[in-house]
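>>> Please find the sequence and the predicted model below.
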Amino acid sequence: MDKLIVEGPSKLNGSVHISSAKNATLPILVATLLCPYPVKFVDIPELMDVSTILKILQSMGLKITKNGNELIADASNLENQHADYSLVKTMRASVLVLGPLLARYGVASVSLPGGCAIGARPVDIHLMGMEKLGAEIHIENGYIKAKCEKLKGATITLPFPSVGATENLMMAAVLAEGNTIIENAAMEPEIDDLADFLIAQGVKIEGAGTSRMIIHGMDIKALKPNPKSYRVIGDRIEAATFIIAAIMSGGDVRVEGFIPKHLTYVLETLTKMGAKLEIGTDFVHIKNSPRLKGAALETAPYPGFPTDVQAQMMALMSIVNGDSIVTETIFENRFMHVPEMGRMGAKVTLKGNSALIEGVETLSGAPVMCTDLRASAALILCALVAQGESEIQRVYHLDRGYEKIDEKLTKLGAKIRRVKG
Ligand code: UD1
């Protein structure tokens, strides 16, 4: 298992280009299952989660051709509609294959993703929605076994705006008979990007990015190959991570290649805390931020504060003037970075789903262990500004969602090296 050795503190300077969004790339690659023709992409990020989803799709017969930063996914001839436990267990997003498989083939057998480090994360909303569209579903030997004659459009009201369930149902609805209305749909930018990809294939979708989305069902023969390569949006979570890194280090950094509007809540919070940000249409320039002051925040579905930036924000809050409070409302067990940050001198007290963070003067380097993707990001941020050496173990969590993070940070002046293991 690889580890990272970080020598702190360092001041970051320069510019960094953000990769395509992991959380948009995954559903969009899955959506190629709907298309009976090759689909071209540019700038698919090199991430472990992307390799995992490609392996799952290939196990069903999807053909992948890679040429430099271009990728062609061809689902013209799929061989089976089975997503095996051995692959699904490593990544929850794999359950997204359910919708397109059911819609196109009327059958799917998809392993239940099971629990994960940050909470139970059931898929009941996905299944409820599929049933509304006319699927018969039962759970057998740990698998979701689903079948239908032909899915039929329906109005589905989600009890919670689940990102994954919204995506799964959007894809299922594309080949259903008639229109589907998703009420209380998730509004994350990644949903909008999936809608844009589907629209580029000739699908008619109204209201993407709002809480009421209408997907017009169509015949598979009416889907049209798009001659243009699709480019996924920049990763707002990676961008937020670099913005926070720059602020924590007191450096001067331009973070480019994403849409700052997707981070409005985060940028407003940072500005209120005292950060000096120049916000463009596709960049944020962080200018030698002073030491910030504490804040109170609560995670919420988009456009609220993203749970995927909560851990990184807490890393920042650990070295501001005064106290901060963070309340996590999306996942029940998303404070695993707290004990590890404590080993570096952060003062955080947990109470239920809230954390009280007492800002300290400095952190100190320590050996720490990654536990999940965003928790790992928080640890790397702390290590960058801590006095002395930190050894960050189990870096594979970080590699799931951050493309070449060590190389990007090194280019900005961080002293960081990867030890292969
Ligand atoms: C996606 C993102 C993840 C992000 C999360 C919330 C991807 C690949 N992952 O995950 O990075 O942290 O959105 O912004 O895009 N829930 C149920 N039943 C369901 C579905 C969800 O109870 O059927 C609950 C979950 O347990 C969780 C909450 O709803 O507590 C949010 O889940 P959801 O929005 O579905 O997140 P994901 O799509 O898994």
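Perfect, I can see it now. Residues are numbered from 1 along each chain as shown.

>>> got the contact list for the residue nearest to L54 when sequence neighbours are not counted?
When the adjacent residues along the chain are set aside, L54 lies closest to I64, with 5.8 Å between them (Cβ to Cβ, 6 or more residues apart in numbering). Quick note: C-beta positions are derived from backbone N, CA and C, even for glycine. Contacts of I64 were listed using Cβ atoms under 8 Å, 6 or more residues apart in numbering, and they are 54, 57-58, 71-74.

>>> For the residues you listed, could you give me TSV that also reports neighbour count and pLDDT?
Output for the contacts of I64, formatted as TSV (neighbours: other Cβ atoms under 10 Å; pLDDT from 0 to 100):
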residue	neighbour count	pLDDT
L54	18	97
L57	23	98
Q58	13	98
L71	22	97
I72	15	98
A73	23	98
D74	18	98
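
>>> Which of those residues fall within helices?
Secondary structure defined by DSSP state H assigns 54, 57-58 of these to helices.

>>> what phi and what psi does the backbone show at the residue nearest to L54?
phi -110, psi 130 (degrees, to the nearest 10).

>>> beta partners for it?
The bridge-partner assignment for I64, based on DSSP bridges, gives A73.

>>> got the residues of the stretch 1-150 of the chain near the ligand?
Taking Cβ under 6 Å from any ligand atom as the criterion, the neighbours of the ligand within the stretch 1-150 of the chain are 23, 26, 92-93, 119, 121-126.

>>> Quick check: buried residues in the strand or helix carrying V16?
Using DSSP states H and E, the secondary-structure element containing V16 is strand 13-17. Of the residues in strand 13-17, those buried by neighbour count under the rule 16 or more other Cβ atoms under 10 Å are V16.

>>> and if you look at stretch 347-362?
348, 353, 355-357, 359.

>>> tell me the SS of the residue of the chain most remote from its centre?
For the chain, the residue at maximal distance from the C-alpha centroid (Cα atoms, centre = their mean) is E149, at 33.1 Å. On the three-state scheme (DSSP: H, G, I helix; E, B strand; the rest coil), E149 is labelled coil.

>>> Give me the nearest residue to it, chain neighbours excluded.
Using Cβ to Cβ, 6+ apart and skipping residues adjacent in sequence, the residue nearest E149 is G106, 6.5 Å away.

>>> can I assume that neighbour is in contact with E136?
No: with contact taken as Cβ atoms under 8 Å, G106 and E136 are classed as non-touching, separated by 10.3 Å.

>>> Please identify every residue contacting each of these two.
A shared contact of G106 and E136, defined by Cβ under 8 Å, 6+ apart, is any residue touching both; here these are 147-148.

>>> So for these two, which sits in the more crowded spot?
Neighbours of G106 and E136, each counted by other Cβ atoms under 10 Å, are more numerous for G106; the result is 16 against 11.

>>> ok, the more buried one to S15 distance?
The gap separating G106 from S15 is 50 Å, by Cβ to Cβ, to the nearest Å.

>>> residues in the stretch 251-400 of the chain within reach of the ligand, list them.
Counting by Cβ under 6 Å from any ligand atom, the residues of the stretch 251-400 of the chain close to the ligand are 307-308, 330-331.

>>> Counting neighbours, which of those comes out on top?
Comparing those on neighbour count, D308 comes out first with 24 neighbours (neighbours: other Cβ under 10 Å).

>>> Can you tell me the element the residue in the stretch 151-300 of the chain that the ligand sits nearest to falls in?
For the stretch 151-300 of the chain and the ligand, the shortest gap (Cβ to the nearest ligand atom) falls at G164, measuring 2.8 Å. If you go by DSSP H and E, G164 is part of helix 163-174.

>>> picking up where we left off before, pull the number of nearby residues for the residue of the stretch 151-300 of the chain closest to the ligand.
Per other Cβ under 10 Å, the neighbour tally for G164 reads 21.

>>> That one and S94 touch, don't they?
No: counting by Cβ under 8 Å, G164 sits too far from S94 to count as a contact (10.2 Å).

>>> could you measure A172 against G153, distance?
Taking Cβ to Cβ as the measure, A172 falls 10 Å from G153.

>>> can you list residues touching both of these two?
Taking Cβ under 8 Å, 6+ apart as the contact definition, A172 and G153 share the neighbouring residues 133, 180.

>>> Please identify which of the two sits among more neighbours.
Between A172 and G153, A172 has the larger neighbour count (other Cβ under 10 Å), namely 33 against 20.

>>> just checking, the more buried one touches L96?
No: between A172 and L96 there is no contact under Cβ under 8 Å: 10.1 Å.

>>> Outside of stretch 295-305 itself, list whatever touches it.
In contact with stretch 295-305 (Cβ under 8 Å, 6+ apart) are residues 160-161, 163, 186-189, 264-266, 269, 272-273, 306-307, 310, 313, 317, 324-330.

>>> So which elements touch the strand holding V16?
Identification of packing neighbours for strand 13-17 by 3 or more Cβ pairs under 8 Å, 6 or more residues apart in numbering; DSSP states H and E yields strand 252-256, helix 405-411.

>>> quick check: angle from the first one to strand 13-17?
What that stands for is strand 252-256. Relative orientation of strand 252-256 with respect to strand 13-17: 10 degrees, computed using axes from the mean of the first three to the mean of the last three Cα atoms, to 10 degrees.

>>> how many neighbours does K11 have?
Other residues near K11 come to 17 when the count uses other Cβ under 10 Å.

>>> mind checking which helix or strand it is in?
Under the criterion DSSP H and E, no helix or strand holds K11.

>>> Which of the contacts of stretch 295-305 fall within strands?
Taking DSSP state E as the definition of strands, these contribute 324-327.

>>> Could you list the paired strands of the helix or strand following the helix holding G164 along with their orientation?
In the C-terminal direction, the helix or strand that comes right after helix 163-174 (DSSP H and E) is strand 179-183. Under the criterion DSSP bridges, strand 179-183 sits next to strand 155-157 (parallel), strand 212-216 (antiparallel) in its sheet.

>>> Mind putting these into a markdown table with distance to the ligand, mean neighbour count and mean pLDDT?
Written out in a markdown table, the entries for the strands paired with strand 179-183 read as follows (distance: least, Cβ to the nearest ligand atom, whole Å; neighbours: other Cβ atoms under 10 Å; pLDDT from 0 to 100):
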| stretch | distance to the ligand | mean neighbour count | mean pLDDT |
| --- | --- | --- | --- |
| strand 155-157 | 12 | 16 | 98 |
| strand 212-216 | 15 | 20 | 98 |
